[in-house]
Each structure stands twice: as structure tokens, then as C-alpha cells.
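1. Here you go, sequence then predicted model.
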Amino acid sequence: MDSTQKITTLVSAVGLLASCVMVLRVLRRHRLSLSTGTDPLQPHRFTRRRITMSAVLAVVSVMLFLGVCVLDGVLSTSPGVFTWFWLGVLGLLVWLLCLAFFDMFAVTHVRLGRREPPGNWPRG
């Protein structure tokens, strides 16, 4: 395994770990808001988007690992497959960024609608 494959494996593992942590945090916050009866940030509105973000991050991590470590021979011999594979990865990354920006703006909109000063905003 050369250094590029080692780095890619590490980046993919970190991406998978981050997606798992995101799912656990979102589910914990959603369950907590349901059990207490309070809905401070209306998590039911954000849960689906955040779960989707973590799933896309996991898929991109796996595709990155597959593209560099496993499918290297296939992708290097076929330029069409190479192009479409990496365009798919790029498309998923763009979708992930769009979801992240939309989530950021939606949370900011909800918080500004409640007119709380930024120091009182919950973290996470």
C-alpha cells in the first residue's frame, strides 16, 4: 500500500467516523426533545436533513476509499468509468455542501425568529 492509499484510507475512516458521530448526536437530540416535550430548535424539521447529510458523508467516504484503493485498476484503464465515477463523487460532495448551507441558514432563521441573543443559543 503506497502513501496515497494510506492517506485515502485514513481520510475515509475519519469521514465514516464523523458520519456515525453526526447520526448519534442527531438521534440523541431528537429523542431528548421528544421525551421532555420541549422542542427548542424544532428538531423534527432538521433531523431528516442531518441524517441525510451523514449518510451522504458516509457514501462519499466509501466511494473515496473504493476509487483510490480498490477500483484503481479499473478506473485507470477506462477513462469513461473514471470520469463518471469521480463526477458522481463530486456531485455528492456538492449536494452535501448544499445541505450544510441550507441547514445553517434554516437554523439561523429559526433562532432569529425566536429573537434570542447569540450567547443563549444551544451548541451542537
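-> Alright, I've got the coordinates.

2. Any idea how many residues pack against L97?
-> 12 (other C-beta atoms under 10 Å). (Glycine included, C-beta is placed from N, CA and C.)

3. now it, what's its secondary structure?
-> Secondary structure of L97, reduced to three states by DSSP: H, G, I helix; E, B strand; the rest coil: helix.

4. With V68 as the reference, measure out to it.
-> For L97, the distance to V68 (C-beta to C-beta, to the nearest Å) stands at 21 Å.

5. Mind giving me the packing neighbours of the helix or strand where F101 lies?
-> Using DSSP states H and E, F101 sits within helix 79-113. Applying 3 or more C-beta pairs under 8 Å, 6 or more residues apart in numbering; DSSP states H and E, we find helix 79-113 packed against helix 43-65, helix 72-77.

6. Pull out the buried residues from the last one.
-> Under the neighbour-count criterion of 16 or more other C-beta atoms under 10 Å, helix 72-77 has L75 buried.

7. Show me what that helix is in contact with.
-> Helix 72-77 has contacts (C-beta atoms under 8 Å, 6 or more residues apart in numbering) with 67, 81-82, 85.

8. From these, keep the buried residues only.
-> Buried by 16+ other C-beta under 10 Å: 67, 85, out of those.

9. Need the contacts of helix 72-77 in TSV (columns: pLDDT and distance to T52).
-> Output for the contacts of helix 72-77, formatted as TSV (pLDDT from 0 to 100; distance: C-beta to C-beta, whole Å):
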residue	pLDDT	distance to T52
G67	85	22
V81	86	27
F82	87	27
F85	90	22
